[in-house]
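Novice: how would this look folded up:
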Amino acid sequence: MSTIALTAPAAMPGAPARSSGYLVLAPSCLVLTIFFALPMGTMIGMSFMDAQTLSPTLLNYQRFFSDGLSLAGLYRTAVMSILVAVCVTVLGYPVAYYLARSRSRWRALVFALALAPELAGVVLRTYGWLIILEDRGFINDMLINLGLIASPLPLSKNLFAVVVGLTHVVLPFGILSLTTSIQGIDPNLERAAQMLGASRLSVIRHIILPLSVPGIVSSLLISFTMAASAYATPALLGGARFKVLATMIYEQVLFYIDWGFAAVMAIALLIMMLAISFLGIRYETRRGNRRSNREGEAS
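Specialist: Numbers count the residues shown, from 1 in each chain. Coordinates of the predicted model:
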């Protein structure tokens, strides 16, 4: 006589893991929904309302695209952010390489100096640059006293001053991003190239730079988004004549009480930052896929 043993089907191994994953993400999703999604939805809805009658309208968007001042502010914001991103990445790369590779006792001091700007507030740092760059500031007074110039150079209240101030503000974030990327590169690759006769410059150009592209892209994106959304530095160093979207949004809300048009400007600023971030991430993804394909073909 034979017997048949009945066993219950085994539970899906992935179900508990998925459930725990959802539970872990729940608090973050709740915070993002309350403090990001809902305000963004409110702002988008506000952009379609007339400031006087509170009725639905597209006049705010029509005004933005037909108003030369708004488009000029968008263009000025883009140019300023691109310049800041490039300056931060170029100036931060040598410091990041030193921090990632040096074993000197001065490394801790350099790291502290790189992060020192974050110990002071943005307004305080901006006023410091205002004292240095203004017409009767440190630089112009020194050049005039040395007899090198007869009249003050236009170093403040323009694009140059804003780029200098924002580069100082954002530089620590670029250095940290680049340092993390360079630390992930195997130092043995540099040693092997030098043993084969490559110079230090060739090693950096052909090994370090290509392998640190993710850090470079990250530094550019972080610097661009932080510069595009900055308000205090453009307002103080740029003056009344240099208007970017952040300062224009402030004026629309505080002085003109036009929340609908301010919402349109905020959406335009958000779309610009999201577009740049998407392009950067897309580029890095395609680059990583091409690299994986080449490694697969080589193996």
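
Novice: isn't there a helix covering residue 247?
Specialist: Yes. Residue 247 forms part of a helix when assessed by DSSP: H, G, I helix; E, B strand; the rest coil.

Novice: and the nearest residue to residue 183 once chain neighbours are set aside, how far is that from residue 90?
Specialist: Leaving aside its sequence neighbours, residue 183 sits nearest to residue 100 (CB to CB, 6 or more residues apart in numbering; 4.6 Å). Quick note: C-beta positions are derived from backbone N, CA and C, even for glycine. Distance, residue 100 to residue 90, by CB to CB, to the nearest Å: 17 Å.

Novice: Let me know how buried the residue nearest to residue 183 is, in neighbour terms.
Specialist: By other CB atoms under 10 Å, the residues close to residue 100 number 20.

Novice: again, but for the one 3 residues further on
Specialist: Counted with other CB under 10 Å, residues neighbouring residue 103 total 5.

Novice: So it, which state does it fall into?
Specialist: Counting by three-state DSSP, the backbone at residue 103 sits in coil.

Novice: show me the contacts for the residue positioned nearest the centre of the chain.
Specialist: Geometric centre of the chain, nearest residue: residue 222, 2.0 Å, by CA atoms, centre = their mean. Residue 222 is in contact with 170, 173-174, 177, counting by CB atoms under 8 Å, 6 or more residues apart in numbering.

Novice: same thing but 7 Å
Specialist: 173-174, 177 (CB atoms under 7 Å, 6 or more residues apart in numbering).

Novice: Show the model's pLDDT score for residue 213.
Specialist: pLDDT recorded at residue 213 is 91.

Novice: Export the helix or strand where residue 217 lies to CSV, keeping only CA atoms.
Specialist: Using DSSP states H and E, residue 217 sits within helix 213-228. Output of helix 213-228 as CSV, limited to C-alpha atoms (Å, rounded to 0.1, in the frame of the first residue of the first chain):
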residue,chain,number,x,y,z
VAL,A,213,33.9,61.1,-15.9
PRO,A,214,31.0,60.1,-13.6
GLY,A,215,32.4,62.4,-10.9
ILE,A,216,32.8,65.2,-13.5
VAL,A,217,29.2,64.8,-14.7
SER,A,218,28.0,64.8,-11.1
SER,A,219,30.0,67.9,-10.2
LEU,A,220,28.6,69.7,-13.3
LEU,A,221,25.0,68.8,-12.4
ILE,A,222,25.3,69.7,-8.7
SER,A,223,27.0,73.0,-9.5
PHE,A,224,24.5,73.9,-12.2
THR,A,225,21.4,73.2,-10.2
MET,A,226,22.7,74.9,-7.1
ALA,A,227,23.7,78.0,-9.1
ALA,A,228,20.5,78.1,-11.0
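
Novice: Residue 33: neighbouring residues, count only.
Specialist: Neighbours of residue 33 under the rule other CB under 10 Å: 11.

Novice: For it, give its distance to residue 40.
Specialist: To residue 40, residue 33 is 10 Å away according to CB to CB.

Novice: Please apply the same query to residue 284.
Specialist: Here the criterion is CB to CB. By it, residue 284 lies 26 Å from residue 40.

Novice: of these two, who's got more company?
Specialist: The neighbour comparison of residue 284 against residue 40 (other CB under 10 Å) goes to residue 284, with 16 against 13.

Novice: What's the local residue count around the residue nearest to the more buried one when sequence neighbours are not counted?
Specialist: Spatially, and ignoring its direct neighbours in sequence, residue 284 is nearest to residue 217 (5.0 Å; CB to CB, 6+ apart). Look at residue 217: counted by other CB under 10 Å, it has 19 neighbours.

Novice: Residue 217 contacts residue 279, correct?
Specialist: No. Residue 217 lies out of contact with residue 279 (CB atoms under 7 Å); the separation is 9.8 Å.

Novice: list the helices and strands the helix or strand hosting residue 46 packs on?
Specialist: Residue 46 is part of helix 38-47, with elements assigned from DSSP H and E. When contacts are defined as 3 or more CB pairs under 7 Å, 6 or more residues apart in numbering; DSSP states H and E, helix 38-47 sits against helix 259-298.
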